[in-house]
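1. Need the 3D shape of this:
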Amino acid sequence: MNPSQIIVLATPVFLLLIALEFAWELRTRRGSFGLADAINSLSLGILSQISAVFTRLLRIGLYTAVAGSLSLVPAEAAQAFWTSWYGWLLALLFYDFCYYWHHRLGHEVGVLWAAHVVHHQSEHYNLTTALRQTSTGALLGWVFYLPMALAGVPPLVFGVVALVDLLYQFWVHTEHVPRLGWFDRWFCSPSNHRVHHAVNDRYLDRNYGGVLIVWDRVFGAFCEEDPREPGVYGTRAPLRSWAPLWANAEVYAALARDAWHTRRWSDKLRVWLKPPGWRPADVAARFPKPPFDITRVQRFAPPMHPGVAALVVLQFVALLALSLLFLWHAEGLSGLHALAWFAALTAGLWANGAAAQGRIHWLEMLGLDAAALATASSATGWVELHLVSKPLALLIALIFVATSHRLALGLRQKMPQTPPQAASAGVERSLAGLCWLLAALAASLAGDVALMLPGLFIVGLGAFLLAHLAYLVLLRRDAPWFASKAALAGTLAAAAGVYAVLWAGGLPEGLRLPVAVYTGVIALMAAQALGRARTLGDGAAGSVAIGACCFMLSDGLLAYNRFVQPLPAAQLAVLGSYYAAQWLIVGGWVRGRR
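-> Numbering: from 1, shown residues only. Okay, the predicted model is just below:
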């Protein structure tokens, strides 16, 4: 049984204990739970586990290689010692000591904090916080356990004690267990770990122990919880987002920005190695940040409609079930199949968080779910699911756009100082744009269906040509033709390059003219979208422009795969970029109307 399957078996226990804690929370009303926060923490736990399928080489493979080739203890002697009862106990203590320094330096070195910060972002403190884990910790974390490999601790023993140490730490993430007397003096307990998660001045960067708190007492990092000063949880630079991908990337991005902006080359390196919060003097002067003030801390809790909340919960339950199924079978999946389902699950987790935060409409969430399933089912050959999910993705997009007409009809109420005639003209322009967008999506849906059926490639090509023409007209309605000449030249040059590769690769003679026309039209559409983004200068227009460029990428990959030579993971790349294009344009246009 592999570690992923052990986590699958442990999950019902975790969920039962979380449910019991929540029931106690309802009785005591401590305020230690938030629905969206809990789902976000659990989603990050899911993302951590499904991504671990691809980082096993770093976590176990490198350890095994070092233990097998560089161990300072002869293999037979090491096996006999570390598998005895006292060897197992010593191995657990050894691991906990290594974990202590891994954990401590995770708070004292910027690049290590970038990985560990995920666990601290929750502004609540409950058992879901325990499952809120990083997806990037394996990149550097393996280094801290090499002493065990050098000491000859067998990989099996290492894996078991690592799992024991990890599972132990689950129960200490609660506000509902009081101080435990003598136990608090020796072990990591809920009281000790509450101190660790708090951002109060007296508690900050204390109590790093995993199982034993003795390490903190020995190395001067222990702080006792004071009942007169309750902990304030989260980080001093709050995440303020339910996006699981951004939760993993935010500190890396901040470090990269500071490294980019600082002028001294030594500071470009020091940014990554200095403690969290350290910034080069020139960067701090140019881009100042306000000092942390604990009296102004407010929990991140954007409002969520009850219906959306119910849908978010249902989607999370479905994602959890699918993730457990993926983890159970991950060892037997090919690399492509594992990557396809990982991408689909990640997309679903992102969409769920975005809907909970109000960044996307619930119909967008469902459409992205269908798009993710269509992409994964195509890449893995699940024909029945693909036949349903592929047309469903654009059907939902059509419904979403059709219902967005209320935005246009509400313009008059949102512009009370606008003359009636001008307001009516604005509504008419918006409704006309709506019609062109619906036409583009309807043509795209027809193209999708045609490409799913044998012998209708030319029909599908024609349908997508009409879709791109409709998009071109749509993008012209609120911007001049090709406002960016550089974008026009770039997209036409890219299209010409793609066409030249297709011609040289054996494009059939009968398709040369249609493909040339198609390539030219999509290049013009992308150029118009880029020029429009430059003219309007807002994020919604930028989203549409990125979507148009994704269309060029998707169609280029599709043509190369079909006419030149098969590409690895072609369906994953083609459909992934295709659905990114459609939903970026749809979402950007609708938000632009707001």
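2. Remind me which helix or strand the residue nearest the centre of the chain belongs to.
-> Averaging the C-alpha coordinates of the chain gives a centre point, and the residue nearest to it by Cα atoms, centre = their mean is residue 245 (2.3 Å). Secondary structure from DSSP states H and E places residue 245 in helix 244-261.
3. Now that helix: average pLDDT?
-> Taken as a whole, helix 244-261 carries a mean pLDDT of 97.
4. element containing the nearest residue to the residue nearest to the centre of the chain once chain neighbours are set aside, please.
-> Computed as Cβ to Cβ, 6 or more residues apart in numbering, the closest residue to residue 245 that is not its neighbour in sequence is residue 350, at 5.8 Å. For the C-beta atoms, the positions are set from N, CA and C on the backbone; glycine is no exception. Using DSSP H and E, residue 350 sits within helix 335-357.
5. Show the low-confidence segments of the chain, by residue range.
-> 405-430, 594 (pLDDT under 70).
6. List of residues touching the helix holding residue 245?
-> Under the criterion Cβ atoms under 8 Å, 6 or more residues apart in numbering, residues 40, 43-44, 47, 110-111, 113-114, 117-118, 121, 134-136, 237, 239, 241, 267-269, 271-272, 276, 279-280, 282-283, 286-287, 346, 349-350, 353 lie in contact with helix 244-261.
7. Now, these that are in helices?
-> 40, 43-44, 47, 110-111, 113-114, 267-269, 271-272, 282-283, 286, 346, 349-350, 353 (DSSP state H).
8. so how far is stretch 189-203 from its chain's centroid?
-> Centroid separation for stretch 189-203 versus its chain: 28 Å, with Cα atoms, centre = their mean, to the nearest Å.
9. residues making contact with it?
-> With Cβ under 8 Å, 6+ apart as the criterion, stretch 189-203 contacts 120, 125, 129, 169, 171-180, 183-184, 204, 206-209, 213, 222-226, 229, 231-236, 292, 294, 297.
10. Do you have the helices of the stretch 51-200 of the chain handy? List them.
-> With DSSP state H, counting those that start in this stretch as the criterion, the stretch 51-200 of the chain has helices at 56, 62-69, 75-82, 85-108, 110-116, 127-130, 138-141, 146-150, 155-168, 182-186, 190-197.
11. Can you get me a residue count around the residue nearest to residue 477 when sequence neighbours are not counted?
-> Of all residues not flanking residue 477 in the chain, residue 433 sits nearest, at 5.2 Å (Cβ to Cβ, 6+ apart). When neighbours are defined as other Cβ atoms under 10 Å, residue 433 has 19 of them.
12. Assign a three-state SS to residue 433, would you?
-> helix (DSSP: H, G, I helix; E, B strand; the rest coil).
13. how near is it to residue 539?
-> 18 Å (Cβ to Cβ, to the nearest Å).
14. do the same with residue 63
-> 44 Å.
15. now the angle from the helix or strand harbouring residue 321 to helix 335-357?
-> Element membership of residue 321, judged by DSSP H and E, is helix 306-329. For helix 306-329 against helix 335-357, the angle by axes from the mean of the first three to the mean of the last three Cα atoms, to 10 degrees is 160 degrees.
16. which residues are in contact with helix 306-329?
-> Under the contact criterion Cβ under 8 Å, 6+ apart, helix 306-329 has outside partners 4-5, 7-8, 11, 35-36, 39, 42-43, 46, 49-50, 53, 304, 338, 341-342, 345, 348-349, 351-352, 355-356, 362, 365, 369.
17. circling back to that earlier point, now do the helix holding residue 245: distance to the chain's middle.
-> Worked out by Cα atoms, centre = their mean, helix 244-261 lies 14 Å from the chain centre.
18. Next, the buried residues of that helix.
-> Residues of helix 244-261 classed as buried: 244-245, 247-252, 254-255, 258-259, 261 (neighbour count, 16 or more other Cβ atoms under 10 Å).
19. Repeat that for stretch 41-61.
-> Buried residues in stretch 41-61 (16+ other Cβ under 10 Å): 41-53, 55, 58-60.
20. ok, residue 63 and residue 539, which is more surrounded?
-> Taking other Cβ under 10 Å, residue 63 and residue 539 do not tie; residue 63 has more neighbours (20 against 12).
21. and the residue nearest to the more buried one when sequence neighbours are not counted, what does it touch?
-> Counting by Cβ to Cβ, 6+ apart, the nearest residue to residue 63 once its immediate chain neighbours are dropped is residue 149, at 5.2 Å. Contacts for residue 149 were tallied using Cβ under 8 Å, 6+ apart; they are 63, 64, 66, 67, 70, 71, 158.
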